[in-house]
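[1] have a look at this prediction, sequence included:
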Amino acid sequence: MLVDEVTILAKAGIGGNGSISFKRNAQTARGGPDGGNGGKGGDVYITGVNDIDALQRFSYTKEVHAENGVNGAKQNLYGRNGKDLTINVPFGTLVYDLSNNTGFEIINGEKILIAKGGKGGRGNNEFKSATNQAPRYRELGEKGEEKKLKLELKLIADIGIIGLPNAGKSSLLSLLTNAHPKIGNYPFTTLEPNLGVMPALTRSNGDDLIIADIPGLIEGASGGKGLGDKFLRHIERTKILVHCIDGLSENILNDYEVIRTELGQFNRKLLEKKEIILITKIDNVLEEKIEEIKKIFKKTKKDIYFISIYDNNLVEKFKSLLMSSIN
């Protein structure tokens with residue numbers, strides 16, 4: 001199951017303690033101070049990776065921490081610095097620092113410092129002076145920073161496929177891309193977004209198209225019904241929405257308006273996105289009804305397209321439409 005929202009506590013390492021020590025050996029009975037400094041605590045960084053499941057590890061791990069610095073030792077031995085910790089998150093993750101209500105987005109592999117490790121304490125050798133040649137004190141290592149972080153993934157996809165449950169979204173994704181989503185004739189077959197890659201042989205920049213199949217929405221989804229608004233935010237980044245409507249529906253216009261209403265209630269800007277209305281499963285639709293559907297949407301002044309997973313000609317035409325629409 002896709003994990004797309006977690007809250008974790010990130011702890012930087014504690015600095016190592018300084019040492020209290022005096023030089024003692026066969027040649028030196030009462031030598032001066034030689035306590036070494038403690039090492040610095042490890043820092044915590046965050047970086048983006050091309051792995052949609054990168055947040056999965058936080059399903060059970062709610063706290064992560066960098067390594068503590070090692071204590072100083074006699075003979076002026078400095079403690080080793082603690083190892084840094086890097087948190088991997090998927091590209092497109094929003095990082096919120098709940099301690100100060102700030103946030104930023106992870107869009108590449110750059111490492112960003114989240115929490116600084118504590119400074120190592122100084123050993124007693126650091127405190128010797130002409131007036132105090134045998135200091136018997138040292139510093140303790142400082143505590144590292146702690147940050148409570150909310151990590152929220154928003155998929156980065158060119159095209160989002162939306163629609164009511166069983167509108168043919170997963171079947172369409174499997175036709176257009178290399179994805180293999182679960183397909184079945186019952187509500188909420190898709191319980192998490194599926195991503196697929198469509199080779200963009202004619203795209204101007206040469207990049208492939210990333211297509212996301214968004215789990216079926218229902219009336220009231222923006223208020224928490226069904227799968228709720230859990231996945232609506234994944235639509236926000238898409239450039240084009242493909243709105244699938246079951247051609248066998250008894251009220252096609254209502255099906256369309258239900259989804260549009262939910263999008264608007266979640267975020268009005270979603271209604272401004274470029275939209276392709278796609279009537280699916282037309283291999284089982286009578287020609288008379290197809291003409292009726294055309295008349296219904298003609299009144300709304302919206303273009304519609306038809307597709308069947310069994311008609312390769314229609315599938316290829318639709319691929320070309322996507323390519324021309326995204327360029």
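    Okay, I see it.
[2] what's in contact with the helix or strand of the chain with the lowest mean pLDDT?
    Taking mean pLDDT, DSSP states H and E as the measure, the helices and strands of the chain show their lowest mean at strand 194-198, namely a mean of 78. When contacts are taken as Cβ atoms under 8 Å, 6 or more residues apart in numbering, the neighbours of strand 194-198 outside the stretch itself are 52, 155, 157, 170, 173-174, 176-179, 181, 208-213, 319, 322. All C-beta spots, glycine's among them, are computed from the backbone N, C-alpha and C.
[3] for this structure, what spans make up the helices?
    According to DSSP state H, the chain carries its helices in the segments 169-176, 252-266, 287-299, 312-326.
[4] report the buried residues of the shortest one.
    So the one you mean is helix 169-176. Neighbour-count burial for helix 169-176, with 16 or more other Cβ atoms under 10 Å as criterion, is recorded at 169-176.
[5] can you tell me which of those residues is closest to Leu270?
    For Leu270, the nearest member of the buried residues of helix 169-176 is Lys169. The distance, counting by Cβ to Cβ, is 16.5 Å.
[6] quick check: closest non-adjacent residue to that closest one.
    Ile161 (4.6 Å; Cβ to Cβ, 6 or more residues apart in numbering).
[7] without its sequence neighbours, what residue ends up closest to Lys40?
    Take Lys40 and drop its neighbours on the chain: the residue closest to it by Cβ to Cβ, 6+ apart is Asn81, 4.6 Å away.
[8] gap between that neighbour and Ser21?
    As for Asn81, its distance to Ser21 is 20 Å (criterion: Cβ to Cβ, to the nearest Å).
[9] make CSV out of the helices of the chain and add mean pLDDT.
    Compiled in CSV, those are given as follows (pLDDT from 0 to 100):
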stretch, mean pLDDT
helix 169-176, 85
helix 252-266, 90
helix 287-299, 90
helix 312-326, 89
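[10] could you identify which of the ones you listed is most buried?
    helix 169-176 (a mean of 22; mean count of other Cβ atoms under 10 Å).
[11] name the helices or strands packed onto it?
    Applying 3 or more Cβ pairs under 8 Å, 6 or more residues apart in numbering; DSSP states H and E, one finds that helix 169-176 contacts strand 159-162, strand 194-198, strand 209-213, strand 240-246, strand 274-280, helix 312-326.
[12] please save the CA atoms from the last one in CSV.
    What that stands for is helix 312-326. Extracted as CSV, the C-alpha positions of helix 312-326 are listed here (Å, rounded to 0.1, in the frame of the first residue of the first chain):
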residue,chain,number,x,y,z
ASN,A,312,-6.5,-0.7,-31.1
ASN,A,313,-7.3,2.1,-33.6
LEU,A,314,-9.1,4.1,-31.0
VAL,A,315,-6.3,3.5,-28.4
GLU,A,316,-3.6,4.7,-30.8
LYS,A,317,-5.7,7.8,-31.7
PHE,A,318,-6.0,8.6,-28.0
LYS,A,319,-2.3,8.2,-27.5
SER,A,320,-1.7,10.7,-30.3
LEU,A,321,-4.2,13.1,-28.7
LEU,A,322,-2.4,12.9,-25.4
MET,A,323,0.9,13.6,-27.1
SER,A,324,-0.4,16.6,-28.9
SER,A,325,-2.1,17.9,-25.8
ILE,A,326,0.9,17.7,-23.6
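[13] quick check: angle from that helix to strand 240-246?
    Between helix 312-326 and strand 240-246, the angle comes out at 150 degrees (axes from the mean of the first three to the mean of the last three Cα atoms, to 10 degrees).
[14] if I pick Lys74, what's in contact with it?
    Contact partners of Lys74, counting by Cβ under 8 Å, 6+ apart, are 19, 21, 23, 34-36.
[15] got a PyMOL select line for the buried ones in those residues?
    Selection of buried members from the contacts of Lys74 for PyMOL, criterion 16+ other Cβ under 10 Å:
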select buried, resi 19+21+23+34+35+36
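[16] want to throw the contacts of Lys74 into a markdown table with distance to Glu262?
    Below are the contacts of Lys74 laid out as a markdown table (distance: Cβ to Cβ, whole Å):
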| residue | distance to Glu262 |
| --- | --- |
| Ser19 | 64 |
| Ser21 | 69 |
| Lys23 | 75 |
| Asp34 | 71 |
| Gly35 | 66 |
| Gly36 | 63 |
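[17] nearest to Glu63 among the contacts of Lys74?
    Of all those, Glu63 sits closest to Ser19, with 29.5 Å by Cβ to Cβ.
[18] could you check how far that closest one is from Glu67?
    If you go by Cβ to Cβ, the gap between Ser19 and Glu67 works out to 19 Å.
[19] contacting residues for the residue minimising distance to the centre of the chain?
    Closest to where the C-alpha atoms of the chain average out (Cα atoms, centre = their mean) is Leu153, at 2.8 Å. In this structure, Leu153 makes contact with 4-5, 52, 55, 89-90, 92-94, 234, judged by Cβ under 8 Å, 6+ apart.
[20] which among the helices and strands packed on helix 169-176 is found nearest to Ile107?
    Proximity to Ile107, assessed across the helices and strands packed on helix 169-176 by Cβ to Cβ, is greatest for strand 209-213 (14.0 Å).
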